[in-house]
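Undergrad: Fold the following, please.
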Amino acid sequence: MRERAEYADLLVRYKRRRAAALALNHAILDECCTKKMVETAGKRLGMWQRGTFIFDTEDEAALLMDCALYDCFRNGANAIDRYAAKHPPAAGSDEEALLGAMKQAFYSVFQVEKTIKGVGVRVHDLLFDKERFVVDISLSQTACEGLVLASRLMLFEEFVTTTGAPLLVDVVTLAGLAAYLDDTDTTVEDLREMSRQERGTLAAAIIRSCLEAGASEQTAYLDPDSDEQAADATEPFRRADRRIGRNEPCPCGSGRKYKKCCGPQDARGAELPLRAQADGFAGSLQDLERVEYRRGMLEEGAEPSDFRVTVWRAEELPAEAMKSLEEEGILELGGVYGDADVGDPVQYDQLRLAFPDGVFELEVFNRGIMLLMTDDEKIKRIHRTLCVLDRASPPAN
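TA: Numbering: from 1, shown residues only. Predicted coordinates for the structure are as follows:
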């Protein structure tokens, strides 16, 4: 506790920067990270197969978006560069420091030398041969001395931190990386002089090698603000439900890898991220009495009920909106879509249709992210209808 107290001021700055970084990441993803960038990242990491993203764990989605943000360039600029050009930060602001650190962020492999519980870890950067102090509360609760991890690092004046979930690097992967650097005569100085595009290519190769070895199935990122997770942090993460890994033999018996055989078909047939699904509402739009629609960005501590709801009686509903409800077959799509625990803030939409014999309900969390992550026609139909209702709603206060 005394050692942690010495870092009290540093932790305050870290938590402030971490919260600001999460908000900035979402802003960049929403505005400047295109679907093409996400698909390119998926292909580089081996997650994009026949038009479908295939993940072994939930944390792999975070790796995908991290790669799309940092390592996918168009005309020499990534999503971060494009955002900074559109929204120049104020001099001396946290956003200026964040964007500067994000532009200079790099992927590396490091070995944990000491953990400072509740603060971070002291590591030896194996690629750049440098000692670093990484402030990361979650990592300090789970890492042990000698562990080798791969992650993207951001350098601030006061500290170094990761951009997301580190990956476990096993002996075989580490040996392969060392052999590659040796065979190509790549020195520490060569790594330092690499362009960002070259570093992005190397990062993708490291991540893909770790994933091939099953790293994402052995590690998970804990929320440092969660007491419940922190209590369980001494135990290594293991998936409770065993799914078939992308590189395992396909269970159909073809002899091919799962990702090259039935994996993409299984992914297409899987349910979208759903907390609850209605079987299909029995009512008819001819009997519709009232439409209620609310939307907004859910920040920490906020509730959907905090958002203003727009209400139309059936006879007042714009013709375009009624047409969309009919053409998209919205009554077939009731339920709760998306993950309310991913992101802060979280994009939120709620649609309620009142009938004489009941109420149809549809809730969607992170609609924009799901559109990037899936080509499923159900999400597209929901999105088109909600866009119409968005346009018909009065401007938010």
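Undergrad: Now for residue 312, which secondary structure element holds it?
TA: Remark: residue 312 resides in strand 309-313, with elements defined by DSSP states H and E.
Undergrad: ok, then the element right after that strand?
TA: Going down the chain from strand 309-313, the next helix or strand is helix 319-327, by DSSP H and E.
Undergrad: Partner strands of the helix or strand that comes right after that next one and their direction?
TA: On the C-terminal side of helix 319-327, the closest following helix or strand by DSSP H and E is strand 335-337. Next to strand 335-337 in the sheet, as set by DSSP bridges, lie strand 274-277 (antiparallel), strand 358-365 (parallel).
Undergrad: Confidence-wise, which of the ones you listed is weakest overall?
TA: Among these, strand 274-277 carries the lowest mean pLDDT, at a mean of 38.
Undergrad: which SS state does residue 122 fall under?
TA: The local conformation at residue 122, judged by DSSP: H, G, I helix; E, B strand; the rest coil, is strand.
Undergrad: Next: residue 41.
TA: Following three-state DSSP, the label given to residue 41 is helix.
Undergrad: Next one, pLDDT for it please.
TA: On the pLDDT scale, residue 41 is placed at 90.
Undergrad: again with residue 76
TA: Residue 76 is assigned 87 on the pLDDT scale.
Undergrad: Residue 140 now?
TA: pLDDT, residue 140: 89.
Undergrad: what about it, helix or strand, and which?
TA: Using DSSP H and E, residue 140 falls in helix 137-142.
Undergrad: mind checking how far that helix is from the chain centre?
TA: Taking C-alpha atoms, centre = their mean, to the nearest Å, one finds helix 137-142 lying 19 Å from the centre of the chain it belongs to.
Undergrad: and it, what does it pack onto?
TA: With contacts taken as 3 or more C-beta pairs under 8 Å, 6 or more residues apart in numbering; DSSP states H and E, helix 137-142 sits against strand 120-125. For the C-beta atoms, the positions are set from N, CA and C on the backbone; glycine is no exception.
Undergrad: Quick check: buried residues in the strand it packs on?
TA: By neighbour count with 16 or more other C-beta atoms under 10 Å, strand 120-125 contains the buried residues 120-121, 123, 125.
Undergrad: Give the partner strands of that strand in its sheet and their orientations.
TA: Under the rule (DSSP bridges), strand 120-125 has strand 106-116 (antiparallel), strand 130-135 (antiparallel) as partners.
Undergrad: who touches that strand?
TA: For strand 120-125, the external contacting residues (C-beta atoms under 8 Å, 6 or more residues apart in numbering) are 108-116, 130-137, 139-140, 143, 159, 161.
Undergrad: now it: mean pLDDT?
TA: Taken as a whole, strand 120-125 has an average pLDDT of 93.
Undergrad: what's the answer for stretch 155-169, then?
TA: Averaging pLDDT along stretch 155-169 gives 87.
Undergrad: List the buried residues of that stretch.
TA: By neighbour count with 16+ other C-beta under 10 Å, stretch 155-169 contains the buried residues 159-163, 165-169.
Undergrad: From these, pick the one nearest residue 81.
TA: Distance to residue 81 across the buried residues of stretch 155-169 (C-beta to C-beta) is lowest for residue 163, with 15.9 Å.
Undergrad: Spit out the contact partners of that closest one.
TA: Residues in contact with residue 163 (C-beta under 8 Å, 6+ apart) are 21, 66, 70, 102, 105, 151-154.
Undergrad: Let's see if you can find the most crowded of those.
TA: The most neighbours of any of the contacts of residue 163, using other C-beta atoms under 10 Å, belong to residue 151, which has 26 neighbours.
Undergrad: about what we covered before: most tightly packed of the strands paired with strand 120-125?
TA: Of those, the one with the most neighbours on average (mean count of other C-beta atoms under 10 Å) is strand 106-116, at a mean of 19.
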